[in-house]
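**Q** sharing a model that was predicted from the sequence below.
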Amino acid sequence: MLFRSELANKNVNECSICKTSRWKNKEKKILAKFLRYFPLQSRLQRLFMSSKTSKLMRWHDEERNKDGVLRHPADFEAWKTFDNNHLDFAKDPCNICLGLTSDGFNPFGKKGKDYSTWPVILMPYNLPPWLCMKQEFIILSLLIPGPKEPGNNIHIFLEPLIEELKELWDVGVETYDAFAKETFQMRAAIMWTINDFPAYGNLSGWCTKGEFGCPYCNIHTQFRWLKNGKKYCYMGHRSFLRLGHKYQNDTKSFDGTTEFLLAPCPTTRSMVLNQVSDINFTLGRLSKKVFGVTKNTWKKRSIFFTLPYWKNNLVRHNLDVMHIEKNVCDNVIYTMLGLDKKLKDNLEARLDLKEMNIRPSLWPQQQTNGRTYLPPTYFTMSHEEKKIIL
């Protein structure tokens with residue numbers, strides 16, 4: 001729990017849920033953790049103090065080219081759906097639409113001690129695309145301390161931000177507009193979050209590990225446990241192809257089976273709310289068991305659902321493409337070069353091929369000297385070819 005507001009001044013020395021001490025050193029009154037929260041209202045008001053910036057805050061509505069080409073978040077269906085659902089908010093272009101992102105980093109660098117600090121950052125999407133991601137417009141809202149990542153308990157740290165966002169939606173704050181030279185009631189809303197996959201799970205509440213790791217397919221995720229690789233492999237990708245596609249009959253190039261299943265329907269807002277309506281969970285250091293939902297699906301009910309508009313958002317959580325591109329590139333390069341760090345073509349992978357009874361030409365072979373030989377694949381490179389790439 002957070003010791004804030006009235007609790008900060010009371011003589012409360014332990015968490016009411018898990019009984020963890022508030023202090024690292026009780027005699028010297030050294031706090032166990034100190035959350036830094038930077039209030040949002042004043043910094044949003046500051047965007048309208050300059051007439052030039054204030055004019056740019058209307059760009060998404062007044063100057064954006066509305067020819068159907070995707071250039072700005074306002075061109076997307078999720079934004080348009082939000083506007084249609086909340087006409088009173090959308091009618092004033094000065095109301096601020098925000099994106100939220102968070103990820104961990106080590107402030108001591110790679111050679112320092114193991115430590116994870118999590119900043120929570122907001123981006124104002126009212127600005128044109130060449131400005132909304134610039135450093136001077138990025139808003140640091142929270143700085144979650146380490147040494148460990150907040151994980152599933154990140155919602156505890158988000159409480160002050162969510163409270164302020166509720167106020168900015170329900171009431172707003174009186175703000176002077178330097179461009180229009182008048183005051184108005186400024187409101188703000190979170191449109192969606194953008195994170196890598198582990199943080200996606202922490203913020204959305206969906207379990208991104210295990211049988212149902214795909215939040216899109218939800219409980220209809222097709223999976224297979226790899227006995228030798230000791231991990232889940234997600235299958236069924238051919239169901240997203242059009243009917244009659246040649247890959248659906250292709251057994252050799254895939255897992256040895258044909259596939260004619262239809263793609264699962266996208267997880268709707270009502271489906272999510274129905275699935276988490278009876279969920280029973282406890283944040284903190286107590287039992288990690290979750291009741292009221294299918295096992296390995298939801299870990300908790302997202303704190304973002306306490307925002308009045310969140311349940312009606314068409315898109316609530318997005319994946320950070322940068323992380324996906326980097327991870328895919330790393331895995332491909334390391335596998336091609338045969339480097340052990342992120343190598344995907346190893347003995348365990350070949351044994352799983354044998355277990356699945358596919359690609360017999362790649363199965364491990366026992367040699368007379370007792371060693372295991374892995375036949376080369378079509379991407380196996382010689383020493384000279386690796387030098388060319390490097």
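**A** Structure's in. What do you need?
**Q** what separation is there between L165 and S277?
**A** Separation of L165 from S277 (Cβ to Cβ, to the nearest Å) stands at 23 Å. Backbone N, C-alpha and C define where each C-beta goes, glycine included.
**Q** compare these two and say which is more crowded by neighbours.
**A** L165 (25 against 10; other Cβ atoms under 10 Å).
**Q** got the phi/psi numbers for that one?
**A** Dihedral pair for L165: phi -70, psi -40, per degrees, to the nearest 10.
**Q** who's in contact with it?
**A** L40, A188, A189, I190, L307 (Cβ atoms under 8 Å, 6 or more residues apart in numbering).
**Q** as CSV, these with secondary structure would be great.
**A** Compiled in CSV, those are given as follows (DSSP: H, G, I helix; E, B strand; the rest coil):
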residue, secondary structure
L40, coil
A188, strand
A189, strand
I190, strand
L307, coil
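**Q** how about JSON lines for those residues, with pLDDT and distance to N346 added?
**A** Below are these laid out as JSON lines (pLDDT from 0 to 100; distance: Cβ to Cβ, whole Å):
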{"residue": "L40", "pLDDT": "93", "distance to N346": "48"}
{"residue": "A188", "pLDDT": "95", "distance to N346": "49"}
{"residue": "A189", "pLDDT": "95", "distance to N346": "47"}
{"residue": "I190", "pLDDT": "94", "distance to N346": "42"}
{"residue": "L307", "pLDDT": "93", "distance to N346": "45"}
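**Q** which one of those is nearest L47?
**A** L47 has its nearest neighbour among the contacts of L165 in A188, at 10.5 Å by Cβ to Cβ.
**Q** so how far is R242 from the closest one?
**A** 41 Å.
**Q** kindly report the same for C217.
**A** Distance from C217 to R242, by Cβ to Cβ: 18 Å.
**Q** higher neighbour count, the two?
**A** C217 (20 against 7).
**Q** not counting sequence-adjacent ones, nearest residue to the more buried one?
**A** Spatial nearest neighbour of C217, chain neighbours left out: P264 (4.8 Å); criterion: Cβ to Cβ, 6 or more residues apart in numbering.
**Q** how many neighbours does the one you found have?
**A** P264: 17 neighbours (other Cβ under 10 Å).
**Q** does it touch N218 like I think?
**A** Yes. With contact defined as Cβ atoms under 8 Å, P264 reaches N218; the gap is 7.1 Å.
**Q** state the mean pLDDT of stretch 80-97.
**A** The pLDDT scores in stretch 80-97 average 93.
**Q** repeat for stretch 338-346
**A** Mean predicted lDDT for stretch 338-346 stands at 84.
**Q** repeat for stretch 156-165
**A** Rounded mean pLDDT across stretch 156-165 is 91.
**Q** domain ranges for the chain?
**A** The chain breaks down into these domains under automatic domain parsing: 1-32, 33-205+302-319, 222-263, 328-389.
**Q** all helices for this structure, in order.
**A** Applying DSSP state H to the chain gives helices spanning 6-9, 41-46, 51-56, 59-62, 77-85, 87-90, 154-157, 159-170, 197-204, 269-276, 321-337, 347-356, 383-389.
**Q** who touches the last one?
**A** Residues from elsewhere that reach helix 383-389, judged by Cβ under 8 Å, 6+ apart: I333, M336, L337, G338, M381.
**Q** top of those by neighbour count?
**A** M336 (17 neighbours).
**Q** that one reaches F379, doesn't it?
**A** Yes. M336 is within contact range of F379, at 5.6 Å (criterion: Cβ under 8 Å).
**Q** tell me the most buried of the domains of the chain?
**A** domain 33-205+302-319 (a mean of 16; mean count of other Cβ atoms under 10 Å).
**Q** gap between the two ends of it?
**A** 29 Å (Cα to Cα, to the nearest Å).
**Q** what about it, distance to the chain center?
**A** Computed by Cα atoms, centre = their mean, to the nearest Å, the separation of domain 33-205+302-319 from the middle of its chain amounts to 14 Å.
**Q** then stretch 250-270?
**A** 24 Å.
**Q** can you pull the pLDDT of the spatially most central residue of the chain?
**A** Most central in the chain under Cα atoms, centre = their mean is Y200, positioned 2.5 Å from the mean C-alpha point. What the model reports as pLDDT for Y200 is 90.
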